[in-house]
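Engineer: Next one to model:
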Amino acid sequence: LATPAVPKGKPAHLTVVRQQDATTHGTHVAGIAAGNGRTPAAPQPTAYVGMAPEADLIIVKYATRRGSLGNNPKVADAIRYIASRAAQLSKNCVLNISLGYGMLPGDGKTRLERTIDKLIAGVAPGTAIVASAGNNAKAAIRARGTVPFRGRTELKIEVGNAAKREIEIGIWYGRLSAPHRFGLTLTPPSDTPSDEIGPEGGAILDFTTGPASGNTASILGEVNNPDHAQHSFLVSLEPGSAAQIAKGVWTITLFDRGAGGGTSARPFDADLSKKHGARFANNVLTESIMDIPATAEKVISVASHVTRVSPTGSTGPATPTIAESSSRGPTPDGRKAPTISAPGEYIFSARPLAPKQKPYVANAGTSMAAPHVTGAIALMLEAKPTLVNSDIAKILKDTAEKPTGMDEKMWGGGMLNALKAVKMVE
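Structural biologist: Prediction:
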C-alpha cells in the first residue's frame, strides 16, 4: 500500500502476522519491496532496506501449487481481496505476484489473467499489478513445431532420475485455423505406442511392461476451448505403483487428420510442467516462454538482470547482462513483453528468523526482480496517487536505462531507474 509516512507505532488497521513462512520466498520478496532493513539485534537499518520501507503490506499466502495456476480461483480471490481491502482503507495499492506457471496458451485469457485485466483496466487510478516473468530460459519446458498435412510429428520428453511427481504436457493447436484436427499416441521408453486418441477423445493408460511398468498416463483431447478458441491435448504422466516415472525418452506423436482445407503444415505449441525432472528433447522454444500471469495483457511484467555475479561476491558484470534464466518474450500470441527489467541476481533480503541463521540472505530470479518494480511503483503512487496503470507502465519504460543493442524480448523497455521514474511524476 502506497501511503505517506505514519507516526511511530503500529497503525490501528494493521495486525501481527502469525503465519510462519516455511519456504522463505515470500519474506524475501516482501523485504525487497518494503523491508525496513532492521534486525532484532540492530534497531538501526542495515544496508538491506527495501524499495518503499514506509509502505504498509497486505500479505496473502498461496498455500498450494496443485492444479492450473491460471484457472485457480484462490489466486484470483487473493487479488480481489487485496484490492478491496486497499479500497476500504482509502489507499492506493500495487500488487506483487512473484509466482508463475509456464503452462500455455499464454494468450491472456485464463481466469487469473482476466481477473488482473478487469481489476486494473488501465484506467482505474491508484492500482497496479506486477508479475515476475519466470525463470524458464534454460528449462526446455516450451516447444513449438508443425505437423505436415496428413502427416505426423514426434514430440520427445526426456525424463530424468527424479521424476517422482506428476508430469503434465499441454499441447495447443488451431490458433491459425480452427478446423484443424489432430490425433495423438503416447510411447513410453523402449516400448510400443498406445492406440491413437482422437481430438475429443480420452484414455487412461496402465503400463505393464518395459521400463514404464507400473506407471500410468491420462490423455484428454478438447476441441474449441471456450476461453481460448483453440484445441488442446493434456497428457499427464504419473508414477502409479512405481517409485517414479520411467527414466528415458517418452514420445508423443501428433497426427494431422487433414481437416481444415489447404495443405500447409499445421503449427502447434507445447508446454511441460517444470521442476519435475523432465524437459523437451526436440522442438525446444527459447522465446515466448513467460509464465502466467506475466502474460496478462495489462500486467507489468518484469525480467531479471545481473547486478551481482555470485551470492557471496559484491561485483556485477562489466556490461549490462540479462539473467540467463530470465524468461524471454513476446507472449505466445505475439504481444510485446516483458515490460521492464530489474535487479534479480543475487539480491540480499530478509529471511524468516531461525536460531543461528543470518537475518538476510541472497536469492536470485525474476521473483526478486519484480518487487524492485513494485516498490518503485509504490513510491510513484505516493508522489502522484492519480496515476493509472497504463501511465505507470509507460513512465517505467520511458525512464529506463537502455543497454547497448538491447533486445526487447529480453529487457522489455530497459533497466529500471526508480529515481527517474519517481522524479517524473513529482
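
Engineer: Tell me, how many residues neighbour the residue lying closest to Arg257 once chain neighbours are set aside?
Structural biologist: Here the nearest residue to Arg257 in space, its sequence neighbours aside, is Arg181; by Cβ to Cβ, 6 or more residues apart in numbering that works out to 4.5 Å. All C-beta atoms are positioned from the backbone trio N, CA, C, and that covers glycine. Number of residues near Arg181 (other Cβ atoms under 10 Å) recorded here: 20.

Engineer: Ok, the one 4 residues further on next?
Structural biologist: Close neighbours of Thr185, defined as other Cβ under 10 Å, add up to 18.

Engineer: re earlier: for the residue nearest to Arg257, give its distance to Glu345.
Structural biologist: In this view, Arg181 and Glu345 are 45 Å apart by Cβ to Cβ, to the nearest Å.

Engineer: just Ala303 next, same as before
Structural biologist: For Ala303, the distance to Glu345 equals 11 Å [Cβ to Cβ].

Engineer: Give me the common contacts of those two.
Structural biologist: Ala323 (Cβ atoms under 8 Å, 6 or more residues apart in numbering).

Engineer: of those two, who's got more company?
Structural biologist: Neighbours per residue, other Cβ under 10 Å: of Ala303 and Glu345, the larger number sits with Ala303, 31 against 27.

Engineer: Let me know whether my guess that the more buried one is in a helix holds.
Structural biologist: No - assigned with DSSP: H, G, I helix; E, B strand; the rest coil, Ala303 falls outside any helix and is strand.

Engineer: Angles on the backbone of the residue nearest to Arg257, please.
Structural biologist: Here is the backbone geometry of Arg181 (degrees, to the nearest 10): phi -140, psi 130.

Engineer: ok, the nearest residue to Gly214 once chain neighbours are set aside - how many residues close by?
Structural biologist: Nearest non-adjacent residue to Gly214, counting by Cβ to Cβ, 6+ apart: Ala242, 3.3 Å away. Residues near Ala242, counting by other Cβ under 10 Å, number 16.

Engineer: thinking Ala242 is in contact with Thr216, fair?
Structural biologist: No - under the criterion of Cβ atoms under 8 Å, Ala242 is not in contact with Thr216, lying 9.1 Å apart.

Engineer: Need the nearest residue in space to Gly414, chain neighbours excluded.
Structural biologist: Nearest to Gly414 is Ala400, by Cβ to Cβ, 6+ apart, at 3.2 Å.

Engineer: what's the distance between that neighbour and Ser325?
Structural biologist: Taking Cβ to Cβ, one finds Ala400 at 21 Å from Ser325.

Engineer: So between those two, which is more surrounded?
Structural biologist: Ala400 (22 against 17).

Engineer: Need phi/psi at the more buried one.
Structural biologist: Main-chain torsions, Ala400, degrees, to the nearest 10: phi -70, psi 150.

Engineer: Quick one: residues contacting it.
Structural biologist: The contact partners of Ala400, taken as Cβ under 8 Å, 6+ apart, are 340-341, 412-417.

Engineer: and with 6 Å instead?
Structural biologist: 340, 413-415, 417 (Cβ atoms under 6 Å, 6 or more residues apart in numbering).

Engineer: Generate CSV for the residues you listed, with secondary structure as supplementary columns.
Structural biologist: Output for these, formatted as CSV (three-state DSSP):
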residue, secondary structure
Ile340, strand
Gly413, coil
Gly414, coil
Met415, strand
Asn417, coil
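
Engineer: Scan those and report the most crowded one.
Structural biologist: Ile340 (27 neighbours).

Engineer: Export the contacts of Ala400 as a markdown table, with columns for distance to Ile171.
Structural biologist: Converted to a markdown table, these look like this (distance: Cβ to Cβ, whole Å):
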| residue | distance to Ile171 |
| --- | --- |
| Ile340 | 32 |
| Gly413 | 33 |
| Gly414 | 35 |
| Met415 | 36 |
| Asn417 | 41 |
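
Engineer: now do the same end-to-end measure for stretch 270-278.
Structural biologist: Across stretch 270-278, the terminal residues are separated by 14 Å (Cα to Cα, to the nearest Å).

Engineer: Do you have the strands of the stretch 151-300 of the chain handy? List them.
Structural biologist: Along the stretch 151-300 of the chain, counting by DSSP state E, counting those that start in this stretch, strands occupy 152-159, 167-173, 182-187, 202-206, 216-222, 231-238, 248-256, 266-272, 278-280, 300-306.

Engineer: So which elements touch the third one?
Structural biologist: The reference is to strand 182-187. strand 248-256 (3 or more Cβ pairs under 6 Å, 6 or more residues apart in numbering; DSSP states H and E).

Engineer: Show me the shaky parts of the stretch 1-150 of the chain.
Structural biologist: 1-19, 63-72, 122-124 (pLDDT under 70).

Engineer: Please enumerate the strands of it.
Structural biologist: 93-97, 127-132, 142-147.

Engineer: okay, those strands, which one's buried deepest?
Structural biologist: Of all the strands of the stretch 1-150 of the chain, strand 127-132 has the most neighbours on average by mean count of other Cβ atoms under 10 Å, namely a mean of 28.

Engineer: ok so, going back, tell me the pLDDT at the residue nearest to Gly414?
Structural biologist: You'll see Ala400 listed with a pLDDT of 98.

Engineer: Could I get the contacting residues of Lys397?
Structural biologist: Lys397 touches Gly413, counting by Cβ under 6 Å, 6+ apart.

Engineer: Specify the local secondary structure of it.
Structural biologist: Assignment for Lys397 (three-state DSSP): helix.

Engineer: State the distance from it to Pro320.
Structural biologist: For Lys397 relative to Pro320 (Cβ to Cβ), the value is 16 Å.

Engineer: related to what we said a few turns ago, if I look at the residue nearest to Gly214, how far off is Ile300?
Structural biologist: 44 Å.

Engineer: Next: Ile169.
Structural biologist: Ile169 is 30 Å from Ile300, by Cβ to Cβ.
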